[in-house]
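Visitor: Structure here, sequence nowhere to be found:
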């Protein structure tokens with residue numbers, strides 16, 4: 001009996017100790033709920049995250065805008081900026097050559113222009129021109145109030161054997177403004193052009209270009225010959241050849257200037273494409289970080305991407 005009592009007392013003692021160790025009596029549902037709560041707490045502290053860090057300005061990258069501006073100002077400089085040295089040499093060579101053509105031919109044109117002006121001043125005389133206009137007025141017989149009286153007109157043998165009907169030079173110089181003013185009316189009625197009052201570019205162009213009006217005033221012409229473009233004196237031919245040569249020089253100078261302008265435009269456009277291609281060839285590194293869940297655990301993962 002005493003042994004049975006001892007077992008009963010020991011059993012009650014263990015049962016009471018178990019209840020003291022476990023204050024809550026959880027079943028399977030309670031255990032699952034508790035685990036879910038712990039998991040949610042963990043997820044709130046450590047989420048699935050990922051981000052990347054990209055080096056957007058690679059040290060070797062070049063500005064396309066700068067390259068275009070550089071080459072627009074100095075052809076080839078944008079290509080040099082983008083480290084395309086062969087293109088730099090090509091555009092610079094074109095620029096130097098075109099400028100050389102422009103400068104050289106402009107200078108040649110100016111020299112020839114001065115030469116034919118000096119030739120015209122020595123061989124075409126405005127005094128002879130107004131004497132010729134006066135002779136035309138006398139020949140028409142309808143400008144009695146405008147022409148110089150015949151007693152002030154002298155018949156002179158021209159160097160080519162023809163005849164000049166020159167106004168007395170002393171009388172002409174003493175009454176120059178009045179005589180020219182009267183003869184302007186005859187000029188306007190009988191001819192298609194008006195001689196400029198100053199020696200402009202047009203002045204020198206007209207005296208050679210319109211021999212029917214101005215050809216009789218050359219030193220190897222005469223008043224009694226009707227000159228036409230196909231029938232001019234040797235002086236006019238020589239003079240017009242010089243003018244044509246001057247114009248050819250100026251045309252070449254213009255071609256050189258056009259080449260300069262085109263070279264600036266083409267070089268600027270090419271600099272943009274060259275710089276863009278240069279940037280594409282450069283190595284670009286991208287660093288990334290990812291926090292992912294793998295087999296119930298969260299892993300920190302780092303990566304490096306290389307682009308070229």
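Guide: Structure received. Bear in mind the structure is a predicted one, so any value in this text is a computation, not a measurement.
Visitor: tell me which element residue 155 falls in.
Guide: Using DSSP states H and E, residue 155 falls within strand 153-157.
Visitor: List the buried residues for that strand?
Guide: residue 153 (16 or more other C-beta atoms under 10 Å). C-betas here are computed from N, CA, C, even on glycine.
Visitor: Which secondary structure elements does it sit against?
Guide: helix 126-140, strand 163-167 (3 or more C-beta pairs under 8 Å, 6 or more residues apart in numbering; DSSP states H and E).
Visitor: Report the inter-axis angle for the last one versus helix 126-140.
Guide: Spelled out, that is strand 163-167. 100 degrees (axes from the mean of the first three to the mean of the last three C-alpha atoms, to 10 degrees).
Visitor: which residues sit against the helix or strand following strand 163-167?
Guide: Heading C-terminal from strand 163-167, the first helix or strand you meet, by DSSP H and E, is helix 169-174. The contact list for helix 169-174, computed with C-beta atoms under 8 Å, 6 or more residues apart in numbering, reads 127, 130, 131, 148, 152, 179.
Visitor: The helix or strand following helix 169-174: which residues count as buried?
Guide: Counting by DSSP H and E, the next helix or strand C-terminal to helix 169-174 is helix 176-190. For helix 176-190, a neighbour-count test (16+ other C-beta under 10 Å) marks 179, 180, 182, 183, 184, 186, 187 as buried.
Visitor: Next: stretch 99-111.
Guide: 101, 102, 105, 106, 108, 109.
Visitor: Which other helices and strands does the helix or strand hosting the third one contact?
Guide: Meaning residue 105. Assigning secondary structure by DSSP H and E places residue 105 in helix 85-123. Applying 3+ C-beta pairs under 8 Å, 6+ apart, one finds that helix 85-123 contacts helix 77-81, helix 201-209, helix 234-281.
Visitor: what would those helices look like in TSV with mean neighbour count, distance to residue 60 and mean pLDDT?
Guide: Below are the helices and strands packed on helix 85-123 laid out as TSV (neighbours: other C-beta atoms under 10 Å; distance: least, C-beta to C-beta, whole Å; pLDDT from 0 to 100):
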stretch	mean neighbour count	distance to residue 60	mean pLDDT
helix 77-81	24	12	94
helix 201-209	17	56	94
helix 234-281	17	8	95
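Visitor: right, and those helices - which one's nearest residue 222?
Guide: Closest approach to residue 222 among the helices and strands packed on helix 85-123 is made by helix 234-281 (12.4 Å; C-beta to C-beta).
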